[in-house]
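S.K.: prediction below, plus the sequence it came from.
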Amino acid sequence: MLAILLVHGAAVVIAAVGAITDWRTGHIPNWLTLPPLVIAPIAHGLAFGVRGLLLSVGGLIACGLVPYFLFRRDAMAGGDVKLFAALGAVLGVFGGIEAQFLAFIAGALFALGRLAWRGRLLRTLGNSFYVGLNPILPKKWRREIPVELLESTRLGVAIFVGTVLASLNRTSIIWGLS
């Protein structure tokens, strides 16, 4: 029990530091993300055996793969990719995927709220529709979207929220509260 609480506590601390540095600087530093990528699989292997090692490495891969592909398409920053992979290594496959899913939901809600606050929600949703539809439309019907009309969102805070929610969910299951 204590080991599981330590795992989730470490994940929340890593996500919190990532959120603070992303909020302040727009970057998630390597000194935060790279050590868990190495230490977490070793610690899981020592604490939980081969199964723990495999779940940690599986979490690293599962949580880093989709963000990596988004990064390659310039749809996500590299620090977010490393933070997702590090959290996957710390939380394992299932906890990492749950945290990532909740982080993407939180990020989408934050982005929609920010756009609505600025009065740009409908315009941006229309642009998103065409960005998604352009590849399958005939060339004469395609619409070019100026880069300045596209919005970007820092995900550090959303990743923190997703990690906290996933950790609360997983630890409440352990304690029999759900």
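M.R.: Noted; the coordinates are in hand.

S.K.: right, and the helix or strand after the host helix or strand of residue 43?
M.R.: Under the criterion of DSSP states H and E, residue 43 resides in helix 30-72. Where DSSP H and E defines the elements, the next helix or strand beyond helix 30-72 is helix 78-118.

S.K.: check which element follows that next one along the chain.
M.R.: Sequence order places helix 121-133 as the next helix or strand after helix 78-118, per DSSP H and E.

S.K.: residue 164 touches residue 11, doesn't it?
M.R.: No. Applying CB atoms under 8 Å as the test, residue 164 and residue 11 come out as separate, 9.0 Å apart. Any C-beta I mention is one placed from the backbone N, CA and C, and that applies to glycine too.

S.K.: comparing these two, which shows the higher neighbour count?
M.R.: Set side by side, residue 164 and residue 11 show more neighbours around residue 11, with 28 against 20, by other CB atoms under 10 Å.

S.K.: can you spell out which helices and strands pack onto the helix or strand harbouring the more buried one?
M.R.: Element membership for residue 11, per DSSP H and E: helix 2-25. Helix 2-25 sits against helix 30-72, helix 78-118, helix 156-174, with contacts defined as 3 or more CB pairs under 8 Å, 6 or more residues apart in numbering; DSSP states H and E.

S.K.: which residues are in contact with residue 8?
M.R.: Applying CB atoms under 8 Å, 6 or more residues apart in numbering to residue 8 gives the contacts 91, 95, 167, 170-171.

S.K.: kindly recompute the last result at 6 Å.
M.R.: 167, 171 (CB atoms under 6 Å, 6 or more residues apart in numbering).

S.K.: where in this structure is pLDDT low?
M.R.: Scanning the chain for pLDDT under 70 picks out the ranges 145-151, 173-178.

S.K.: most distant residue from the centre of it?
M.R.: Farthest-out residue of the chain from its mean C-alpha position, per CA atoms, centre = their mean: residue 140, at 36.8 Å.

S.K.: from residue 111, how far off is that residue?
M.R.: Using CB to CB, to the nearest Å, we find residue 140 at a distance of 31 Å from residue 111.

S.K.: ok, now residue 118?
M.R.: Using CB to CB, one obtains 11 Å as the distance from residue 118 to residue 111.
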